[in-house]
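Enquirer: any chance you could fold what I've pasted below:
(chains A and B)
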Amino acid sequence: MAEILLKADGLTRHFGGLAANQDVSLSLERGVLHALLGPNGAGKSTCINMLSGDLPPTAGRIHYCSKDITRLSAYQRSRIGIGRSYQRTNIFTQFSALENCRLAAQSRHPRPWRIFTDALSLTDTLERARAALVEAGLGARASVIAGTLSHGEQRQLEIAMVLATDAQVLLLDEPLAGMGSNESAQMVELLNELKKTRAILLVEHDMDAVFAVADRVTVLVNGQVLESGSPEQIRNSAEVQEAYLGVEEAVHV
Amino acid sequence: MNSRVSTFFKLAVLLGLAGFPFFGSVFYTEVLAKILILAIFAMSLDLLVGFTGLVSFGHAAYFGIAAYMAVLLAPQSEAASLWIILPLAVLCAGIAAFVIGIFVLRTKGIYFIMVTLAFSQMAYFIFHDTKLGGGSDGIYLDYRPDATIAGFTPFDFNQTSHLYFFVLAALVAVYVFLTLLLRSPFGRVLVGIRSNEHRMLSLGYATFRYKLAAFTIAGALAGLAGFLYAVLFGFVTPEYLSWHKSGDVLLMVILGGMGNLAGAVAGAFVLTGLQEVFADWTKHWQLLMGGVIVLAVLFMPGGLAALPGRIVARLRKGENNG
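Expert: Purely as a prediction, here's the structure:
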């Protein structure tokens, strides 16, 4: 049995009378990419926000390596090894790509008291940042100002920053959003590489990409888990076809 | 601007300032000392406004608190020791900033501006309306602090030039301190918070603690300025804590170019200089001042600090055309 890193039990979140998430349970294991699917408004972002600590759940528990972390805030969860990327690119646009990752890496060893030390002379942090850039495929773009990177590169930078924090659990909110087919293919390759040593939750709309990388798929509809299983099982499920894939088809036609 | 040219320019200005008392009159040495103190004050605010993204509209509170401490903590009939009263006054301002920071840093944006103003008004009325502060007339400082240490007196604050050099040294020390602070891991986090605080949180930074530390340091440095101001003028009034004072220093930072320490110093020079010149011309000087500030904000984005770069760019463009 693989090592379970993050486990959510019965996560529920109400916004007023609306149940954005109702009794959602899922677990993330090292070496496994778990995809979270669902039509717009199904509650995927709410779910990822609860796992990352951006949003407190109304009910339910979250465990990380069998420790209860339900009450931990976003920065505390980051510190224990849960990293997330955002659906809308959320980077430091005025800083270089390297400084974006350097800040991420510095959070693992902040040394705030060393106020007379040049941050750039702390080589352990700098090396971690460089390694993360290389791993995310941005090695050659280190000195470019993040705001001037292409859209696809900014999405890569999002992931590089999470890697620089040495996160063991990656919560990736639509990393492929707005990407061209070439960039998408690269990202899929990257995800396949990353999942070997980490646990990944992937929220994604791009079906082809999901089925190319996912080991497990959970389908969310109206805030509830409709079905969870292997990609094959999900692809062949009549319920999923009807509730989600069917709707998508209908929209496209 | 080329960083070597910029360093050379700063050293030249420093040399000019250091030489001034040998040529200038006592009156103008005092005026310059006042401007240098306000420059320290402006740099301390720039740490919050320009580098951490915290627009404090109550920064005069810490300036004023330390100024009052320079008087209230001094003995009645003799001079206090500089080496005791200076750290004490700065400490008081730092503690006040720490305590107030715990409350105000829970708010953001316009609310932050409002609560910093509210707290500074509370501090103002404590000194204005109680016996502690001598009311609206303020209190005189009868004896300037004594710099004697172990029987040796390195300088005498009763001589304007000595006081001036001490102020200049404090300015340089604060500039160097903040420059080092800003390139340290701590300073990098502050700039990250200004850029995108939400992302800093999700990267694992306890941003509240960093902001509180910055607020405390800025308050203590404003206190250093306030202490020197009280010593220079020999009296304190509640006006030192008033919102006009908070607004003036904010204008210096904006005029100088937020997020640039040398800019804050330049802002202090230009704003105070214009005030002196306009007040000489007309009693409606505030009208002129307002006009200048409106024009500066409209036509000088980035403030004085961005000016050299823009001039160079303009010259280059001219060369290319010609």
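Enquirer: whatever residue of chain B ends up closest to chain A - nearest residue in space that isn't next to it in sequence?
Expert: Among all residues of chain B, B:Gly204 sits closest to chain A, at 3.4 Å; criterion: C-beta to the nearest C-beta. Backbone N, C-alpha and C define where each C-beta goes, glycine included. In space, B:Gly204 comes closest to A:Ser78 once its chain neighbours are excluded; the distance is 3.4 Å by C-beta to C-beta, 6 or more residues apart in numbering or on different chains.
Enquirer: I figured that neighbour hits A:Ser107, correct?
Expert: Yes. Counting by C-beta atoms under 8 Å, A:Ser107 is a contact partner of A:Ser78 at 6.9 Å.
Enquirer: so the residue nearest to B:Gly204 is in which element?
Expert: Taking DSSP states H and E as the criterion, A:Ser78 maps to helix A:74-80.
Enquirer: run through who's touching that helix.
Expert: With C-beta atoms under 8 Å, 6 or more residues apart in numbering or on different chains as the test, helix A:74-80 has contacts from A:52-54, A:64, A:69, A:72, A:107, A:165, A:167, B:201-207.
Enquirer: rerun that using 6 Å as the cut-off
Expert: A:52-54, B:201-206 (C-beta atoms under 6 Å, 6 or more residues apart in numbering or on different chains).
Enquirer: may I have that helix as PDB, with CA atoms only?
Expert: C-alpha atoms of helix A:74-80 as PDB (Å, rounded to 0.1, in the frame of the first residue of the first chain):
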ATOM      1  CA  ALA A  74      -2.500  28.400   4.900                       C
ATOM      2  CA  TYR A  75       1.100  29.400   5.900                       C
ATOM      3  CA  GLN A  76       1.300  26.600   8.500                       C
ATOM      4  CA  ARG A  77       0.300  24.000   6.000                       C
ATOM      5  CA  SER A  78       2.800  25.300   3.500                       C
ATOM      6  CA  ARG A  79       5.500  24.900   6.100                       C
ATOM      7  CA  ILE A  80       4.700  21.200   6.700                       C
END
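Enquirer: which strands and helices sit next to the very next helix or strand once past it?
Expert: Using DSSP H and E, the next helix or strand after helix A:74-80 towards the C-terminus is strand A:82-85. For strand A:82-85, the packing partners by 3 or more C-beta pairs under 6 Å, 6 or more residues apart in numbering or on different chains; DSSP states H and E come out as helix A:151-164, strand A:169-173.
Enquirer: so does the longest helix along chain B get close to chain A?
Expert: Counting residues, the longest helix in chain B under DSSP state H turns out to be helix B:207-233. No. Helix B:207-233 does not reach chain A (C-beta under 6 Å from any C-beta of the partner chain); its nearest approach is 7.1 Å.
Enquirer: which strands and helices sit next to the very next helix or strand once past that helix?
Expert: Past helix B:207-233, further along toward the C-terminus, the next helix or strand under DSSP H and E is strand B:235-236. Under the contact criterion of 3+ C-beta pairs under 6 Å, 6+ apart, strand B:235-236 touches helix B:60-72.
Enquirer: what's in contact with the helix it packs on?
Expert: So helix B:60-72 is contacted by B:41, B:89, B:92-93, B:96-97, B:120, B:123, B:139, B:141, B:219, B:222-223, B:225-227, B:229-230, B:236, B:240-241, B:245-246 (C-beta under 6 Å, 6+ apart).
Enquirer: would you state the helices of the stretch 151-253 of chain A in chain order?
Expert: A:151-164, A:181-194, A:207-213, A:231-236, A:238-240, A:246-252 (DSSP state H, counting those that start in this stretch).
Enquirer: again with the stretch 1-150 of chain B
Expert: Going by DSSP H, counting those that start in this stretch, the stretch 1-150 of chain B shows helices at B:3-23, B:26-46, B:60-72, B:82-104, B:109-129.
Enquirer: and A:Leu171, what does it touch?
Expert: A:48, A:51-52, A:84, A:201.
Enquirer: one more time with 7 Å, if that's ok
Expert: Contact analysis of A:Leu171 by C-beta atoms under 7 Å, 6 or more residues apart in numbering or on different chains lists A:48, A:51-52, A:82, A:84, A:201.
Enquirer: please apply the same query to A:Ala146.
Expert: A:91-93, A:95-97, A:100, A:154, A:157.
Enquirer: one step back: counting by contacts, list what the longest helix of chain B packs against.
Expert: helix B:26-46, helix B:60-72, helix B:82-104, helix B:160-183, helix B:185-202 (3 or more C-beta pairs under 7 Å, 6 or more residues apart in numbering or on different chains; DSSP states H and E).
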